[in-house]
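Trainee: Kindly generate the corresponding structure for this input.
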Amino acid sequence: MADAAEWVAIAVLGRTHANRGEITGISLSNNTDRFQKLGEVYLFGPASESAARFEVESVWQHGDRLVFKFRGIDSISDAERWHGAEVRIPVAEREPLEEGAFYYSDLVGCEVWDRKSGSRLGVVAVVREYGGPGLLELDDGTLIPYVKKICVNIDPAARRIDVVLPEGLRGLNAP
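Mentor: I've put the predicted structure just below:
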């Protein structure tokens, strides 16, 4: 199907729930209210070589999990085929963010520049979360806290992040 960069995973499916083809899932979104608005999604996973489109009949919260009901998945055996699949939507259908806020996925691939020295520090390989602010992990393993005091200019469209690093931060590397 299409390039992976065109999709956003919003949940991962787990075990079946009851006998009507419902499937549990773990949200990958900070906004669980978004699931109530889903019309259709694409499942990427073990049951199909490519993406499979499904209409969402319902999604509801059950403890710390979501329970999905997709049109056309009506039995336990139908649902079991999708265990471990990712629930994805096209990037264009992501929830809008406030001005100045960015999805972590938009930061991956951005070049990071030191505003003081004018030197290129690297490229964001991944954004990590360990309970505090996110950490930009550069392609050389350097970690930079994703906070306004340090990341002073963020321009995903230009694929650039300008930083002002505190003393001693340059030597901090990923575990």
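
Trainee: Quick check: next helix or strand after the helix or strand of the chain with the lowest mean pLDDT?
Mentor: The helix or strand of the chain with the poorest confidence is helix 104-107; it has a mean of 86 (mean pLDDT, DSSP states H and E). Sequence-wise, the next helix or strand downstream of helix 104-107 (DSSP states H and E) is strand 111-114.

Trainee: Now the least confident helix or strand of the chain - C-alpha only, CSV.
Mentor: What follows is helix 104-107, C-alpha atoms only, in CSV (Å, rounded to 0.1, in the frame of the first residue of the first chain):
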residue,chain,number,x,y,z
TYR,A,104,6.5,14.0,17.6
SER,A,105,6.4,12.3,14.3
ASP,A,106,6.7,15.7,12.6
LEU,A,107,10.0,16.2,14.4
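
Trainee: what comes up buried for that helix?
Mentor: Residues of helix 104-107 classed as buried by neighbour count (16 or more other CB atoms under 10 Å): 105, 106, 107. From N, CA and C alone the C-beta is placed, and that goes for glycine too.

Trainee: Tabulate those in a markdown table, adding columns for distance to residue 24.
Mentor: Below are the buried residues of helix 104-107 laid out as a markdown table (distance: CB to CB, whole Å):
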| residue | distance to residue 24 |
| --- | --- |
| 105 | 24 |
| 106 | 29 |
| 107 | 30 |
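
Trainee: quick one: the strands in the chain?
Mentor: Counting by DSSP state E, the segments of the chain that form strands are 7-17, 22-27, 40-44, 52-62, 65-70, 86-90, 111-114, 120-128, 135-138, 143-145, 151-155, 160-163.

Trainee: Against which helices or strands is the fourth one packed?
Mentor: Where contact means 3 or more CB pairs under 8 Å, 6 or more residues apart in numbering; DSSP states H and E, strand 52-62 is packed against strand 40-44, strand 65-70.

Trainee: Any stretches of this protein with poor pLDDT?
Mentor: 1-5, 47-49, 170-175 (pLDDT under 70).

Trainee: how is it carved up into domains?
Mentor: Following automatic domain parsing, one finds the domains of the chain at 4-93, 104-171.

Trainee: distance from the centroid: which residue in this protein tops it?
Mentor: Distance to the chain centre peaks in the chain at residue 117, reaching 32.2 Å (criterion: CA atoms, centre = their mean).

Trainee: Pull up the gap between that one and residue 150, please.
Mentor: Residue 117 is 14 Å from residue 150, where distance means CB to CB, to the nearest Å.

Trainee: what do you get for residue 51?
Mentor: As judged by CB to CB, residue 51 and residue 150 stand 38 Å apart.

Trainee: Before I go, just wanted to say thanks for your time.
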